[in-house]
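1. whatever this is, show me its structure:
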Amino acid sequence: MRRIVCFASVCVCLIFAGCIDEGDQSEQLLLSLDEFVQGALGDSLGFQSTNGDAVVVAFPVVQTVPGDTNLVSRRTHSLMDDELRQWRKDKGLYLYQYEADDRTIVFPEAVRILPAWMVVGDTHVVAMDYSEVVDETVRNRGRMTYRVILEATAPVETAVQFFQESAILNTEMVRTDETGAQHGYSIREWYTARVGLVKVQGTIYSTNEAGERSATALNMVLAGGRVRGSTLGGY
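-> Here you go, the predicted model:
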């Protein structure tokens, strides 16, 4: 069974804007989550993981979800559940649901997990109820919370190349079901313009009803791929 983890993968466009505060003459970084999601249809990114896993993040199809006529993008991941999500112009990235082999995590409505624009230091927090559906029957319910901070911009080294500038997002996610069990992660993600997600560091964890906790360190870096028809590295 794959673990339910949502990495908010987006393509970024970096724009410098003058600071509104007249007492601060420095420039602020305005982050635009450009295009609608990190991956266009057909994109596939390969990552090296320190635990030896070869991780692939891909965007193979667009589709609709029940009760909604909007086209959404399916993001697949070697270690995580599929995500159905959509970029809405000038609004941000919306999560529709997760899909795994044996269950679907659904929300009452699409949830905005990232805004369209952020300035360094901005925090975006959202909480949502969810239902876990198995064989068309609700088997569990709970509440999920996201907290995302645009930490900084900085250069980043990957197995493919050195990127002069990236945007770093810190994300805390926790999902608590009716039994009190929790699943979540605490991660830092590096994004670059025209490629998207290039590096991830953090921890994935779960706590059962008895309070027993298990955790897995996550450390992966871009090793190659195809982005908008162009090949990266030897992927």
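2. what is the least confident helix or strand in this structure?
-> Lowest by mean pLDDT, DSSP states H and E among the helices and strands of the chain is strand 11-18, with a mean of 42.
3. ok, residue 110 to residue 130 distance?
-> 12 Å (Cβ to Cβ, to the nearest Å). The way it works is simple: take the backbone N, C-alpha and C, and place the C-beta from them, glycine included.
4. swap in residue 219?
-> Using Cβ to Cβ, one obtains 28 Å as the distance from residue 219 to residue 130.
5. what about these two, which has more around it?
-> Summary of the neighbour comparison: residue 219 and residue 130, criterion other Cβ atoms under 10 Å, with residue 130 having more neighbours (20 against 14).
6. partner strands of the lengthiest strand in the chain, with direction?
-> Longest strand of the chain, by residue count under DSSP state E: strand 137-157. Using DSSP bridges, the strands paired with strand 137-157 are strand 123-134 (antiparallel), strand 162-177 (antiparallel).
7. distance to residue 152 and mean pLDDT added to those, as a markdown table?
-> Putting the strands paired with strand 137-157 into a markdown table (distance: least, Cβ to Cβ, whole Å; pLDDT from 0 to 100) gives the following:
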| stretch | distance to residue 152 | mean pLDDT |
| --- | --- | --- |
| strand 123-134 | 14 | 95 |
| strand 162-177 | 5 | 91 |
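8. identify whichever of those strands lies nearest to residue 52.
-> Closest to residue 52 of those, according to Cβ to Cβ: strand 162-177, at 23.8 Å.
9. quick one, whatever helix or strand comes next after the closest one and strand 137-157 angle?
-> Heading C-terminal from strand 162-177, the first helix or strand you meet, by DSSP states H and E, is strand 182-192. Counting by axes from the mean of the first three to the mean of the last three Cα atoms, to 10 degrees, strand 182-192 points 30 degrees away from the direction of strand 137-157.
10. how far does strand 182-192 sit from its chain's centre?
-> How far strand 182-192 lies from its chain's middle: 7 Å, per Cα atoms, centre = their mean, to the nearest Å.
11. what is whatever helix or strand comes next after it packed up against?
-> Counting by DSSP H and E, the next helix or strand C-terminal to strand 182-192 is strand 196-207. In terms of contacts (3 or more Cβ pairs under 8 Å, 6 or more residues apart in numbering; DSSP states H and E), strand 196-207 is packed against strand 44-49, strand 162-177, strand 182-192, strand 213-227.
12. mind listing what's buried in the second one?
-> The one in question is strand 162-177. 163, 166-171, 173-175, 177 (16 or more other Cβ atoms under 10 Å).
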